[in-house]
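A.B. asks: Whatever this is, show me its structure:
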Amino acid sequence: MEKLIKDAPLEDVLEMRREVMYPAFSIEQVRLKDDEEGDHLGLYVNGELIAVISVFVRNNIMQFRKFATKELYQGKGYGKQLLDYVMKLAKDRHCTSIWCNARVSAKKLYEKFGMQVTGNTWLQDGHEFIKMEKQLL
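C.D. replies: I've put the predicted structure just below:
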């Protein structure tokens with residue numbers, strides 16, 4: 001089985017976001033206003049895009065957003081591999097910290113990567129979120 005993490009075309013990333021995270025939304029509804037400024041990464045297995053994540057660096061701080069894995073591949077470690085890659089990327093880019101607005105349902109996963117809750121929860125698009133962060137330097 002060939003696994004590869006590489007830049008993914010934004011249109012493919014948008015389709016994955018819609019399919020996995022917000023199936024009732026249109027492609028335009030899952031587009032972020034600053035998507036053009038980010039790096040969009042995909043995990044490919046045997047050429048098939050199965051997981052995506054978008055990263056944005058501002059002032060040496062990395063934010064990752066819209067982390068999604070196709071349902072068939074969830075719970076098999078693929079998302080962990082992609083997040084491992086992003087954590088290393090943040091260090092390679094000399095970021096001082098990395099953060100995300102996490103779905104509360106994913107909190108335990110991010111805690112395994114050393115991320116900590118740094119705010120209160122809020123509701124958005126029918127999901128409960130919390131800000132999580134990890135200091136790198």
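A.B. asks: Tell me, how many residues neighbour Lys107?
C.D. replies: Burial of Lys107 is recorded as 16 neighbouring residues (other C-beta atoms under 10 Å). Using the backbone N, CA and C atoms, a C-beta is placed for each residue, glycine as well.
A.B. asks: how close does it get to Phe129?
C.D. replies: Applying C-beta to C-beta, to the nearest Å, one obtains 10 Å for the distance of Lys107 from Phe129.
A.B. asks: other SSEs contacting the longest helix along the chain?
C.D. replies: In the chain, assigned by DSSP state H, the helix with the most residues is helix 78-92. Packing partners of helix 78-92 (3 or more C-beta pairs under 8 Å, 6 or more residues apart in numbering; DSSP states H and E): strand 3-7, strand 39-45, strand 48-58, strand 61-69, strand 97-103, helix 107-112.
A.B. asks: shaky segments in the protein?
C.D. replies: Within the chain, no stretch has pLDDT under 70.
A.B. asks: The most centrally placed residue in the chain: what's it in contact with?
C.D. replies: Note on the chain: the residue nearest the mean C-alpha position is Phe67, at 2.7 Å, using C-alpha atoms, centre = their mean. Neighbouring residues of Phe67 by C-beta atoms under 8 Å, 6 or more residues apart in numbering: 51-53, 79, 82-83, 100, 106.
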